[in-house]
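sequence isn't available, so here's the structure alone:
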């Protein structure tokens, strides 16, 4: 019977062992230093939520009230001093400086106002008018009224040359009759037409 002998070479065995240990060390080091890369999950369109910026509606209906001497001479939200005899109003959503048309839904009277304050802060009310505005549309004595509020544009910058509006009518005939009366005392009296989302006004 033939016998085979394996000769153990201490030099080669040591070299092989060193290589195996070194490889194991570098493998462990690589695993330890590996970082998890965050994976962004793409949300299918069916799961996505569309967020829309809330904007004030162009036309609103609701209860209007007015505020007067208790706030007269005090700062408004815009920084202006409240003057109860000016045509201004307080509104919670329209941008400060917006011009709105407020129409009393029972008597049809309208007035253009500048939003220069925030409010009202009473439930179920949508706008606070100045004392002067409340007088014009006929809600001063009652204190409140059901109104339509329309945003008709931003404030026009004041310049030296200006136009004074003395009335606003849904009926053009009424506007022309008032113009004829004013022409007896003033020059350059004219009637212009402004169209909103729901109605025409002659002023």
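Cool, got the structure. Everything quoted here is computed from the prediction, not taken from an experiment. Numbers count the residues shown, from 1 in each chain.

what sits against residue 194?
152, 200-203 (C-beta atoms under 8 Å, 6 or more residues apart in numbering). Any C-beta I mention is one placed from the backbone N, CA and C, and that applies to glycine too.

list the strands paired with the helix or strand that contains it, with their directions.
When elements are assigned from DSSP states H and E, residue 194 belongs to strand 193-195. The strands that strand 193-195 pairs with in its sheet are strand 200-202 (antiparallel) (by DSSP bridges).

isn't there a helix covering residue 62?
No - Residue 62 sits outside any helix when classified using DSSP: H, G, I helix; E, B strand; the rest coil, being strand.

ok, residue 115 - how many residues close by?
Around residue 115 there are 26 other residues, counting by other C-beta atoms under 10 Å.

what pairs with it across the strands?
Beta-bridge pairing for residue 115 (DSSP bridges): residue 89.

roughly how far apart are it and residue 99?
Distance of residue 115 to residue 99, computed by C-beta to C-beta, to the nearest Å: 8 Å.

which of the contacts of residue 194 sits closest to residue 126?
residue 152 (16.1 Å; C-beta to C-beta).

checking the closest one next. Helix, strand or coil?
strand.

need the pLDDT of it.
According to the prediction, residue 152 has pLDDT 90.

that one: what's it in contact with?
Going by C-beta under 8 Å, 6+ apart, residue 152 touches 99-101, 112, 194, 196.

need the strands for this structure, in chain order.
Using DSSP state E, the strands of the chain run over 59-67, 88-90, 98-104, 110-117, 125-130, 144-154, 193-195, 200-202.

can you list the domains in this protein?
56-156, 165-203 (automatic domain parsing).

could you say which of these is packed most deeply?
With neighbours defined by mean count of other C-beta atoms under 10 Å, none of the domains of the chain is more surrounded on average than domain 56-156, at a mean of 17.

mind listing what residue 195 touches?
For residue 195, the contacting residues are residue 201, by C-beta under 8 Å, 6+ apart.

now do it against residue 59, distance only.
Applying C-beta to C-beta, the value for residue 195 to residue 59 is 13 Å.

pLDDT below threshold where in this structure?
1-57, 155-163, 196-197 (pLDDT under 70).

and with 80 instead?
1-57, 154-168, 186-187, 194-202 (pLDDT under 80).

re earlier: which members of the contacts of residue 194 are the farthest-apart pair?
With distances taken as C-beta to C-beta, the most widely separated pair in the contacts of residue 194 is 152 and 202, at 13.9 Å.

list the contacts of the residue nearest to residue 176 when sequence neighbours are not counted.
The spatially closest residue to residue 176, leaving aside those adjacent along the chain, is residue 191, at 5.9 Å (C-beta to C-beta, 6 or more residues apart in numbering). By C-beta under 8 Å, 6+ apart, the residues touching residue 191 are 172, 175-176, 179, 202-203.
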